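Participant: Kindly generate the corresponding structure for this input.
(one chain, ligands or ions: 1)
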Amino acid sequence: MKYIIITGGVMSGLGKGITTASIGRILKDKGYDVTAIKIDPYINIDAGTMNPFQHGEVYVLMDGGEVDLDLGHYERFLDTELSSEHNLTTGKIYRTVIDKERRGDYLGKTVQIIPHITNEIKERIREVAAKSGADICIVEIGGTVGDIESMPFLEAMRQMHGEEKREDLVLIHVTLVPSDLSGWQKTKPTQHSVKALRELGLGPDVIVARCKEPLLASTKSKISLFCDVPEEAVISVHDTDNIYLVPPLLEDENLDEHLMKLLNLKALKDGMKWHQMIERMNSAEGHVKVALIGKYTHIEDAYLSVNEALKHAGIESGCTVSITWIEAENLEDDPEMVRCLEQVDGILVPGGFGVRGAEGKIKAIRYARENDIPFLGLCFGMQLAVIEFARNVVGLENANSSELGDTSHPVIDILPEQDGIEEMGGTMRIGNYDATLKKGSLAHRIYGTTKIVERHRHRYEVNPKYIDQIEAEGMIFSGKNKNRMEILEVPAHKFFFASQFHPEFTSRPGKPSPPFRAFVEAMLGG
Ligand code: GLN
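Facilitator: Below is the predicted model:
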């Protein structure tokens, strides 16, 4: 197994996750199977309980793991499916070590950070890497070198560095090269962060410098001299407005060749798929505007995967997709806000929790339905579409979700335990579940099959008691898993489609999610 360890310096938010994913991509394009592990040094066991305000979206994996959004970048760039084991946190490591201690596994020894915690970290990394069957495993250490929390992980990497063969482990340090007021590129922060890394016994093989404009040759030589890496190992990654351009940027800097040399590997092929995707992206001619009605719209990362899935669909359909972020609450109290909806080609209501903004989202859905504007609802978006339809078409005036308030018509509810159906009654239904699609439906047409598997993250469901009443009025449930409703559509409408699952998590550049693709096509007027 070959390992590439990625650390970060100077400050957070440098796009280390995207750099990691892009490094994986350029190696994959050389013919190697690449997997990735994200280490989050926080104490939380996983990201499931984290507020999107702080960390961006909670990304959901096929096995139901609720993880950091960087895992989403890895899956998209590497076109792979990862499991929750690919996200290590301090919480997970300590929990295992404490459990082992309680079981007496350590035979009465004093349990310490070195060696017990560091051994556990190394074991987990090696196990996950081996299980993945990949040739190369990239390990991204979250946070910034010097943080107290990441110390045990960096120490574990130092030990691994000594234990693995020289050609089997490469260290890459991602850092920032800011420019001063007169435009000079400043290397001092990089020098300091490399120094901090060296104090921990880790010397970088490669330095990836994030910068506004490409690094000047003189800046590269300075970093090379002061940080003791060859000039060819100082890689410039300047800001781009599109993250999918980072892999070709790394190739222009010859990072692929350099890594092949360090890892003693030969290129098995020269992958063109990514380049073809970029060409399609750059030759897009059309343009569509979609309104995204959300709750955290001032932080785009809160809906990162939805944003990316729209991009992927645009690339395939030859158009760019711009998003108008609309704060759902503003639709509630400001009727003028509805005007914004007049200017878009489609309306998207993504997943969500809780009552804040729900009525605004319902208003937007009503507007889409009544004005025949393409509509895509995801999870909460589907539940609210059922509520809107039940209230305004079926005539159940106070229809609601039991998540949102007391109602005599809980059209969305937590279903009671029923024969043959597991996990009901309060726990989240999370990860991969299948759905059977109705022959001849829009769902069947866009997926091209009647059996699908998609990722879920929800607690509430469409209440089966109301289905006949709703279907009698023209909204049909075209995707089901036993008595759970997975997809709804309104056949009389131009494009009105919503899913209980989250198709955004499996969308990839070059392989867009079918509902997103169909939504963008509908916005284009197709
Ligand atoms: N709040 C809803 C539920 O728990 C929808 C969840 C979501 O959109 N992810 O079922």
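Participant: correct me, but Leu304 touches Asp68?
Facilitator: No - judged on Cβ atoms under 8 Å, Leu304 makes no contact with Asp68 at a distance of 10.9 Å. Heads up, the C-betas are built off the backbone N, CA and C, glycines and all.
Participant: Look up the closest residue to Met277, ignoring the ones flanking it.
Facilitator: Gly510 (4.4 Å; Cβ to Cβ, 6 or more residues apart in numbering).
Participant: Could you report the pLDDT at Phe53?
Facilitator: Per-residue pLDDT puts Phe53 at 65.
Participant: Please disregard the earlier target; I meant Asp241.
Facilitator: For Asp241, the predicted pLDDT is 87.
Participant: My assumption is that it lies in a strand; please confirm.
Facilitator: No - applying DSSP: H, G, I helix; E, B strand; the rest coil, one finds Asp241 to be coil, outside a strand.
Participant: What distance do you get for it to the ligand?
Facilitator: Using Cβ to the nearest ligand atom, to the nearest Å, we find Asp241 at a distance of 29 Å from the ligand.
Participant: how many other residues sit next to Ile98?
Facilitator: 11 (other Cβ atoms under 10 Å).
Participant: from here on, count from 360
Facilitator: Happy to do that; since the first residue is 360 now, the last one works out to Ile457.
Participant: And whichever helix or strand it is part of, what does it pack against?
Facilitator: Under the criterion of DSSP states H and E, Ile457 resides in helix 449-462. Judged by 3 or more Cβ pairs under 8 Å, 6 or more residues apart in numbering; DSSP states H and E, the packing partners of helix 449-462 are helix 477-491.
Participant: continuing past the helix it packs on, what's the next helix or strand?
Facilitator: Criterion used, DSSP H and E; the element after helix 477-491 is strand 495-500.
Participant: now that following strand against helix 477-491, angle please.
Facilitator: If you take axes from the mean of the first three to the mean of the last three Cα atoms, to 10 degrees, strand 495-500 sits at 140 degrees to helix 477-491.
Participant: Relative to strand 495-500, what are the paired strands and their orientations?
Facilitator: strand 361-367 (parallel), strand 393-399 (parallel) (DSSP bridges).
Participant: and the ligand, which of those is closest to it?
Facilitator: Proximity to the ligand (Cβ to the nearest ligand atom) singles out strand 393-399 among the strands paired with strand 495-500, at 21.2 Å.
Participant: The closest one: how far from the chain's middle?
Facilitator: Here strand 393-399 is found 13 Å from its chain centre; the criterion is Cα atoms, centre = their mean, to the nearest Å.
Participant: repeat for stretch 871-878
Facilitator: On Cα atoms, centre = their mean, the centre of stretch 871-878 falls 17 Å from the chain's centre.
Participant: how about that stretch as CSV, C-alpha atoms only?
Facilitator: What follows is stretch 871-878, C-alpha atoms only, in CSV (Å, rounded to 0.1, in the frame of the first residue of the first chain):
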residue,chain,number,x,y,z
PRO,A,871,-25.0,13.4,-13.0
SER,A,872,-27.8,12.2,-10.8
PRO,A,873,-30.9,11.3,-13.0
PRO,A,874,-33.4,13.6,-11.2
PHE,A,875,-31.0,16.6,-11.4
ARG,A,876,-30.3,15.9,-15.0
ALA,A,877,-34.1,15.7,-15.8
PHE,A,878,-34.7,18.9,-13.7
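Participant: Same question for it: list its buried residues.
Facilitator: Residues Pro871, Ser872, Pro873, Pro874, Phe875, Arg876, Ala877, Phe878 are the ones in stretch 871-878 that count as buried (16 or more other Cβ atoms under 10 Å).
Participant: Would you confirm that the last one belongs to a strand?
Facilitator: The reference is to Phe878. No - under three-state DSSP, Phe878 falls outside any strand and is assigned helix.
Participant: Pull the number of nearby residues for the residue nearest to it when sequence neighbours are not counted.
Facilitator: Leaving aside its chain neighbours, Phe878 sits nearest to Leu735 (4.4 Å; criterion: Cβ to Cβ, 6+ apart). Neighbourhood size, Leu735 [other Cβ under 10 Å]: 32.
Participant: Could you give the bridge partners of Ala568?
Facilitator: Taking DSSP bridges as the rule, Ala568 bridges to Thr534, Ser595.
Participant: correct me, but it touches Thr534?
Facilitator: Yes - between Ala568 and Thr534 there is a contact at 5.9 Å, judged by Cβ under 8 Å.
Participant: Touching, Asp398 and Ile497? I think so.
Facilitator: I think there's a mix-up here, since residue 398 is Ile and not Asp. No - using Cβ under 8 Å, Ile398 is not in contact with Ile497; the gap is 11.1 Å.
Participant: Would you mind listing what in the stretch 610-759 of the chain touches the ligand?
Facilitator: Proximity of the stretch 610-759 of the chain to the ligand, by Cβ under 6 Å from any ligand atom, involves residues Gly710, Gly711, Phe712, Cys738, Phe739, Gln742.
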